[in-house]
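Enquirer: the sequence isn't on hand, but the structure is:
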């Protein structure tokens with residue numbers, strides 16, 4: 001603990017807010033000598049707080065807060081971290097009270113507008129409502145898997161107080177709990193000497209593993225500094241020009257190494273591999289896990305939670321959002337040619353690359369051919385439908401008037417010339433050339449009844465093996481009887497209004513899609529959730545009062 005000189009009152013602190021963040025059992029267990037059982041723990045906490053750093057619960061990390069303020073923002077704390085946070089610090093939404101609570105993300109993702117510190121709002125109501133606290137942590141999803149009986153313990157508190165082996169999955173699309181290596185690395189950054197940590201230095205350079213602390217320090221002083229070797233985890237992060245909030249908590253060392261063949265010579269341990277990513281990988285736009293949503297853009301727009309009832313927007317800042325799902329890399333240039341037919345209009349391009357198809361060469365090609373495109377790397381859950389949903393998780397849908405859905409449709413179970421004809425017919429319908437693209441937008445603007453434009457050649461009423469899941473989708477979207485008839489676009493490439501996209505995303509963001517990465521062609525051909533979603537899109541269009549224009 002760090003002492004704070006002088007006695008100070010709890011000025012500017014709302015005691016009710018402080019009490020909401022206070023867990024007496026947690027504090028007494030960590031500081032039994034400071035909080036004997038015969039004293040009122042909260043009163044004693046308030047007495048001690050102006051003099052020392054004491055965490056009130058797992059929700060607030062004093063070391064992390066002090067590191068951010070003093071090391072990153074270079075502002076000297078004159079009060080204990082918790083006091084500073086409750087007095088003024090919480091107004092700076094870039095400061096993390098704990099590594100998995102991002103106030104700005106919490107406000108935007110959950111559509112929260114509160115005057116109290118967001119952390120207190122989460123403790124009071126946000127956890128019970130299942131709110132997201134971080135791009136990798138959904139309280140509702142985490143709590144749904146819990147079997148403990150302590151209802152007073154929030155999802156974040158459960159995560160931070162559980163042994164690594166007992167932590168639960170915190171994101172519906174990850175499948176495994178967050179790596180303890182990554183969490184521990186952040187704790188190491190904020191708790192060790194920022195200039196030199198002998199344990200870190202030996203782990204980073206195994207050839208030096210036999211050096212004592214003293215000789216490791218001497219080696220760094222005489223050679224390491226000259227060779228620009230980082231002497232600590234904090235120094236490594238600083239040289240990567242990252243704040244602690246920027247550290248990729250989804251980093252999985254073994255998957256990072258497996259994704260990049262040129263890293264096989266590195267030790268298969270967390271420190272050397274994360275060091276490579278921080279020094280080189282993130283600047284090279286390298287993927288760092290097989291499952292996480294990895295982005296190569298810095299201005300990610302986090303979607304706002306909205307009502308399931310669409311709101312007709314009067315104006316938009318951008319005409320078209322082009323979504324591309326890339327499973328077959330060789331077809332990306334073809335999709336890009338179609339996308340360029342919208343160059344007469346304001347537009348953004350978002351590309352989802354399936355992790356199993358990703359390569360550094362492909363990423364380089366995307367960056368060269370479409371330097372302004374935003375790139376996401378994710379798993380193959382839900383095929384193209386799942387890829388579109390994962391893109392939408394990070395897009396401000398209301399910014400756009402229209403969406404164009406494109407994917408590298410190849411269908412290996414049919415002859416290649418038939419697949420080509422199918423793909424071209426779908427794309428030609430709304431983006432075949434500049435005139436068709438302009439006519440598509442003009443029609444949507446002139447005829448308010450048109451919600452979606454798709455290829456007449458691929459209009460279908462074929463149910464296949466999807467009757468049961470199609471019925472479930474109709475119920476999930478609350479489709480009323482007059483609009484439950486099957487009439488859909490086979491192939492899932494179309495032009496659509498943003499209101500319809502909003503409705504699709506609000507429902508599908510909670511759906512668990514199947515993974516088909518290593519499955520047979522027969523499995524992927526029919527009967528998956530993605531096929532049911534493909535069939536229900538037309539019903540959603542009609543339910544919202546629009547019609548499909550078949551061209």
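Expert: Happy to help now that I have it. The shown structure was predicted, so the numbers you read here are calculated from the model rather than taken from an experiment.
Enquirer: identify the spatial nearest neighbour of residue 167, chain neighbours not counted.
Expert: Nearest residue to residue 167 in three dimensions, chain neighbours excluded: residue 177, at 4.3 Å (Cβ to Cβ, 6 or more residues apart in numbering). No exception for glycine: its C-beta is placed from N, CA and C like everyone else's.
Enquirer: oh, that last question was meant for residue 157, not what I typed.
Expert: In space, residue 157 is closest to residue 58, 4.7 Å off (Cβ to Cβ, 6+ apart).
Enquirer: now do the contacts for that neighbour.
Expert: 23, 26, 98, 156, 157, 160, 161 (Cβ atoms under 8 Å, 6 or more residues apart in numbering).
Enquirer: check residue 240 too.
Expert: Residues near residue 240 by Cβ under 8 Å, 6+ apart: 278, 279, 282.
Enquirer: now residue 328
Expert: By Cβ under 8 Å, 6+ apart, the residues touching residue 328 are 357, 408, 410.
Enquirer: swap in residue 324?
Expert: 332, 335, 336, 339, 349, 350, 351, 352, 406, 407.
Enquirer: mind redoing it with 7 Å?
Expert: Contact analysis of residue 324 by Cβ atoms under 7 Å, 6 or more residues apart in numbering lists 335, 349, 350, 351, 352, 406, 407.
Enquirer: and it, helix, strand or coil?
Expert: Classification of residue 324 by DSSP: H, G, I helix; E, B strand; the rest coil places it in strand.
Enquirer: run through the bridge partners of the residue lying closest to it once chain neighbours are set aside.
Expert: Spatial nearest neighbour of residue 324, excluding adjacent residues (Cβ to Cβ, 6+ apart): residue 351 at 4.6 Å. Note on residue 351: beta-bridge partners residue 324, residue 375, judged by DSSP bridges.
Enquirer: quick check: nearest residue in space to residue 533, chain neighbours excluded?
Expert: residue 385 (4.9 Å).
Enquirer: for the residue sitting nearest the centre point of the chain, give its distance to residue 105.
Expert: With distances taken as Cα atoms, centre = their mean, the residue of the chain nearest its centroid is residue 135 (3.9 Å). To residue 105, residue 135 is 6 Å away according to Cβ to Cβ, to the nearest Å.
Enquirer: before we move on, what about residue 273?
Expert: According to Cβ to Cβ, residue 273 stands 26 Å off from residue 105.
Enquirer: report pLDDT for residue 128.
Expert: Per-residue pLDDT puts residue 128 at 94.
Enquirer: that one should be in a strand, yeah?
Expert: No - using three-state DSSP, the assignment for residue 128 is coil, not a strand.
Enquirer: before we move on, back to that, from the contacts of residue 324, which two are the most distant?
Expert: 349 and 407 (13.3 Å; Cβ to Cβ).
Enquirer: okay, the two: which has more neighbours?
Expert: Under the criterion of other Cβ atoms under 10 Å, the comparison of residue 349 against residue 407 puts residue 407 first, with 25 against 22.
Enquirer: quick one, what contacts that one?
Expert: 324, 325, 384, 492, 493.
Enquirer: what about the spatially closest residue to residue 487 that is not a sequence neighbour, which helix or strand?
Expert: Closest residue to residue 487 apart from its sequence neighbours, by Cβ to Cβ, 6+ apart: residue 538 at 5.2 Å. Under the criterion of DSSP states H and E, residue 538 resides in helix 529-543.
Enquirer: what mean pLDDT would you report for that helix?
Expert: Taken as a whole, helix 529-543 has a mean pLDDT of 95.
Enquirer: just how off-centre is the helix or strand that it is followed by within its chain?
Expert: From helix 529-543 onward toward the C-terminus, using DSSP H and E, the following helix or strand is strand 547-550. Distance of strand 547-550 from its chain centroid, counting by Cα atoms, centre = their mean, to the nearest Å, is 34 Å.
Enquirer: list of residues touching strand 547-550?
Expert: Against strand 547-550 from outside (Cβ under 7 Å, 6+ apart): 443, 449, 450, 451, 452, 453, 454, 456, 459, 538, 541.
Enquirer: sheet partners, orientation included, of it?
Expert: Counting by DSSP bridges, strand 547-550 is paired with strand 450-454 (parallel).
Enquirer: right, I'll leave it there.
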